[in-house]
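Enquirer: fold the following and give me the result.
(one chain, ligands or ions: 2)
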Amino acid sequence: MTILVTGGAGFIGANFVLDWLATSDEPIINLDKLTYAGNPETLASLEGDARHQLVQGDIGDSTLVSRLLAEHQPRAVVNFAAESHVDRSIHGPGEFIETNIVGTFRLLEAVRGYWRGLADAGIREQGRAPSHNPFRFLHVSTDEVYGSLAKDDPAFSEAHRYEPNSPYSASKAASDHLVRAWHHTYGLPVLTTNCSNNYGPYHFPEKLIPLMIVNALAGKPLPVYGDGMQIRDWLYVKDHCSAIRRVLEAGRLGEVYNVGGWNEKPNIEIVQTICQLLDEMRPKASGSYAQQITYVTDRPGHDRRYAIDARKLEAELGWKPAETFETGIRKTVEWYLANPEWVQHVQSGAYREWVNKNYTGRQT
Ligand code: NAD
Ligand code: TYD
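Expert: Residues are numbered from 1 along each chain as shown. Ligands and ions are numbered 1, 2, ... in the order given. As a prediction, the model looks like this:
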């Protein structure tokens, strides 16, 4: 038994790979293009571990994906690979269309070919109906596909209409629709998760929480967009990983599960909390980190509020997050304080040299 993970050198994918192999001996083939967001240093503890194989490549490379599927015969594909940063999607949407839409399409087609072969073999060898094939394709998506909520609106349920507002969320929405259609049209055994904002170890310091921690420690301004009253619903990354494992294990085919921890917070409160934790754990010679907070021009089309209603996942599959926001954010700040080298290699670009030396051009 093996699973194929895509985008497993990124923030959530790498946490998923590390958590998976901490509790299971089932091997992982990790297909990652190693864009700026893919960092094999995150997976350094798996160096020499036969259960993990990192393959540099694109989910849109049908030949490569088909070859990996045929060679390794995975029982599941978990698709994390994506361009994921809203600000980057505003400045350059092209890559988001390529990877999130076209890439997902090509991945689905390669997986469909592989799955058909498995289904045919199942019928031939064991008289099994295609629907009894245990193969699963799990697509990891975001709450941003649902658009923006007003202050008193109920949280997003799985039935909420899609109203994506940024090039990023529109491209993820398109990928969700493709996944849905491949199930309805071809019967591909898919599962989709739509999760709220994640935070935790190995988060690339361009997103709110890691950026604020590393800027604070570097004595730089903490740029809060607009009035800082936009609300996001935060989930510790390891809780997202446990939700994905649970959905993969027991989710109903073709279903969508929203994932969230009921932790809505305005951005300014997040930044203030980080400053308080740093004041406690790494006090400055004088004053508070909060003095570095700087209000800057708002993001164009900035969604005001996201909130996830995770009751379906909780009731149907018995999933619960292990961390509250208070415990998760403390662990996160502690992790960044304990791992300055990881941050420094990302900021200096040294992690790219490592990628170039070890991976570029090497495919299995
Ligand atoms: P990330 O940007 O940290 O990592 C993405 C990974 O995908 C990188 O390792 C990158 O190299 C790889 N990748 C990019 N294009 C690829 C391609 N064409 N082929 C193969 N690999 C490619 O993103 P993340 O925050 O870890 O998010 C992972 C997934 O979870 C994404 O699909 C994202 O939409 C979704 N998601 C993220 C959040 C969040 O808060 N970060 C919340 C909900 C859902
Ligand atoms: P981000 O981490 O980019 O995630 P997303 O846009 O996918 O929700 O941003 C989280 C929130 O923080 C979002 O409302 C934008 C805001 N933000 C800032 O105020 N300043 C920043 O420097 C960044 C990166 C984000």
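
Enquirer: residues contacting the closest residue to Arg299 other than its chain neighbours?
Expert: Using Cβ to Cβ, 6 or more residues apart in numbering and skipping residues adjacent in sequence, the residue nearest Arg299 is Tyr225, 5.1 Å away. Backbone N, C-alpha and C define where each C-beta goes, glycine included. Residues in contact with Tyr225 (Cβ atoms under 8 Å, 6 or more residues apart in numbering) are 267, 296-299, 302.

Enquirer: please repeat the previous calculation with a cut-off of 7 Å.
Expert: Listed by Cβ atoms under 7 Å, 6 or more residues apart in numbering, the contact partners of Tyr225 are 296, 298-299, 302.

Enquirer: mind giving me TSV with the residues you listed and columns for distance to His177 and secondary structure?
Expert: Formatted as TSV, the contacts of Tyr225 follow (distance: Cβ to Cβ, whole Å; DSSP: H, G, I helix; E, B strand; the rest coil):
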residue	distance to His177	secondary structure
Val296	34	strand
Asp298	29	coil
Arg299	25	coil
His302	24	coil
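
Enquirer: show me the two of those that sit farthest apart.
Expert: Maximum pairwise distance among these (Cβ to Cβ): 11.8 Å, between Val296 and His302.

Enquirer: what separation is there between the residue nearest to Arg299 and ligand 1?
Expert: Distance of Tyr225 to ligand 1, computed by Cβ to the nearest ligand atom, to the nearest Å: 16 Å.

Enquirer: and Asn30, which of the three is it?
Expert: Here Asn30 is strand, with the state taken from DSSP: H, G, I helix; E, B strand; the rest coil.

Enquirer: tell me the bridge partners for it.
Expert: Val5, Leu54 (DSSP bridges).

Enquirer: pLDDT weak spots in the stretch 251-364 of the chain?
Expert: In the predicted model, the stretch 251-364 of the chain carries pLDDT under 70 at residues 360-364.

Enquirer: quick one: is stretch 228-235 near ligand 1?
Expert: No - Stretch 228-235 stays clear of ligand 1 (Cβ under 6 Å from any ligand atom), getting no nearer than 7.9 Å.

Enquirer: next, see if that stretch gets close to ligand 2.
Expert: Yes - using Cβ under 6 Å from any ligand atom, stretch 228-235 reaches ligand 2 at 230, 232.

Enquirer: what's in contact with that stretch?
Expert: Against stretch 228-235 from outside (Cβ under 7 Å, 6+ apart): 143, 195-199, 259-261, 263-268, 295, 302-308, 321, 325.

Enquirer: before we move on, what about stretch 40-49?
Expert: Residues from elsewhere that reach stretch 40-49 (Cβ under 7 Å, 6+ apart): 9, 14, 17, 21, 52, 54, 202, 342, 345, 351, 354-355, 358-359.

Enquirer: if you set the cut-off to 10 Å instead, what comes out?
Expert: For stretch 40-49, the surrounding residues in contact (Cβ atoms under 10 Å, 6 or more residues apart in numbering) are 8-11, 13-15, 17-18, 21-22, 27-28, 30, 32, 34, 52-54, 56, 201-202, 204, 341-342, 345-346, 350-351, 354-355, 358-359.

Enquirer: next, the buried residues of it.
Expert: For stretch 40-49, the buried set under the neighbour-count rule, 16 or more other Cβ atoms under 10 Å, comprises 40-43, 46.

Enquirer: what about Asn176, distance to Phe137?
Expert: In this structure residue 176 is Asp, not Asn. 13 Å (Cβ to Cβ, to the nearest Å).

Enquirer: show me what residue of this protein gets nearest to ligand 1.
Expert: Of all residues in the chain, Gly10 sits closest to ligand 1, at 2.0 Å by Cβ to the nearest ligand atom.

Enquirer: so that residue sits against Asn79, correct?
Expert: No - contact between Gly10 and Asn79 fails when scored by Cβ atoms under 10 Å: they sit 11.7 Å apart.

Enquirer: identify the contacts common to Asp176 and Phe137.
Expert: Thr192.

Enquirer: neighbour-wise, which of the two wins?
Expert: Shown here are Asp176 and Phe137; by other Cβ atoms under 10 Å, Phe137 has more neighbours (25 against 21).

Enquirer: list the buried residues of the host helix or strand of Ala170.
Expert: Secondary-structure assignment from DSSP states H and E places Ala170 in helix 167-186. Across helix 167-186, burial judged by 16+ other Cβ under 10 Å covers 167-176, 178-180, 182-183.
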